[in-house]
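Chemist: Just a sequence and a predicted model for now, questions to come.
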Amino acid sequence: MKTARLHHTATLLPNGEVLVAGGGNTKGYLASAELYNPATGKWTFTGSMQTAREGHWATLLQNGQVLVAGGINVNGIVASAELYNPATGTFTATGRMSTGRYAFTATLLSNGEVLAAGGANYGQGGLSSAELYNPATGTWTATGRMTTGRYGQSATLLQNDQVLVAGGYTAELYNPATGRWTATGNMPNYHQDADAPLLPNGQVLVVGGNTNSFPELYDPSSGQFTAVAGGGVNFAARLLGTGKVLVAGGTAGYHPATVNSAELYDPSTQSWASTGSMSVSRETETMTVLSNGQALVTGGEHISNGIATELASAELYTP
């Protein structure tokens, strides 16, 4: 990449390029954004965001634009939001969230709206509030509050159009038809900042997020989580076109150092297998599955001997 960054976002655009935006490094919070072109393997700068931010969320809308919202910067927790237009390569302001949020989730619903839930704000701990962004009006409106305040949670749109939010030991479901949340099965392990990809069979794999966390499966038909043997402590997991889940990077041990190992989870056998390692060990990286089936890993930080270094490097995994 042109700029080293962590806690940034990476979004696959309809034209096959990847938009990387924001984040931070030793120079501070970033407003810059850049595009990765899989056809050339090169990065180019695109228009910068109007507000520097890290720990924000980026959501591809049904109209092909990207909604960037929330985060944190030198001025504190951010409530502003903006839209990236791939046709012009520019960001423009859109409606502000009612509450500034950091380490929250923003999920595209089947009706085209975006559900922003939870997160952290100064003096409030984990937020239980949630709100909806309407692309047609560019405005946010409050929706039902979660049963538990939380931040660093995962959010997964299920096949029944409900949203599974999971963090800590608890999880709950958002029903867009009613705008209400209901508790669902508890997780046997503690998870924070985990990834939770939807599997082809409709189940959800929750992986990573804590040194002692083991992966687990959520079954919407039973509303229960079950532990899955194997797997490591990793911080990027995505479903590949092969139907397997690629899990890579993260930290290991009680004196954290980043790892470069990667594994594949096979839902059909509920088993793990090692696969090729990354060239650089890293955490807080992004992983994006490209249109050609490869997985692009970008940025993050490398930790060795207690020294953390932000990364500008990127690499490709070929199934």
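Modeler: Thanks, I have it.

Chemist: show me where pLDDT drops low in this protein?
Modeler: Scanning the chain for pLDDT under 70 picks out 210-212, 230-234, 253-255.

Chemist: who are the neighbours in contact with residue 257?
Modeler: 251, 281, 303, 304, 305 (CB atoms under 8 Å, 6 or more residues apart in numbering). Using the backbone N, CA and C atoms, a C-beta is placed for each residue, glycine as well.

Chemist: Let me know the closest of those residues to residue 293.
Modeler: Nearest to residue 293 out of the contacts of residue 257 is residue 281 (CB to CB; 24.2 Å).

Chemist: Over to the closest one. Which of the three states is it?
Modeler: coil (DSSP: H, G, I helix; E, B strand; the rest coil).

Chemist: switch to numbering from 256
Modeler: Done: numbering now begins at 256, and the last item shifts to residue 536.

Chemist: That one and residue 517: what is the separation?
Modeler: For residue 536, the distance to residue 517 (CB to CB, to the nearest Å) stands at 11 Å.

Chemist: rewinding a little: list only buried entries from the contacts of residue 512.
Modeler: For the contacts of residue 512, a burial check counting by 16 or more other CB atoms under 10 Å picks out 506, 536, 558.

Chemist: could these be laid out in a markdown table, adding distance to residue 302?
Modeler: Converted to a markdown table, the buried ones among the contacts of residue 512 look like this (distance: CB to CB, whole Å):
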| residue | distance to residue 302 |
| --- | --- |
| 506 | 34 |
| 536 | 32 |
| 558 | 32 |
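
Chemist: how many other residues sit next to the nearest residue to residue 297 once chain neighbours are set aside?
Modeler: Take residue 297 and drop its neighbours on the chain: the residue closest to it by CB to CB, 6 or more residues apart in numbering is residue 291, 7.7 Å away. Here the number of neighbours of residue 291 (other CB atoms under 10 Å) works out to 24.

Chemist: Looks like residue 291 contacts residue 275 (just checking).
Modeler: Yes. Counting by CB atoms under 8 Å, residue 291 touches residue 275, with 6.9 Å between them.
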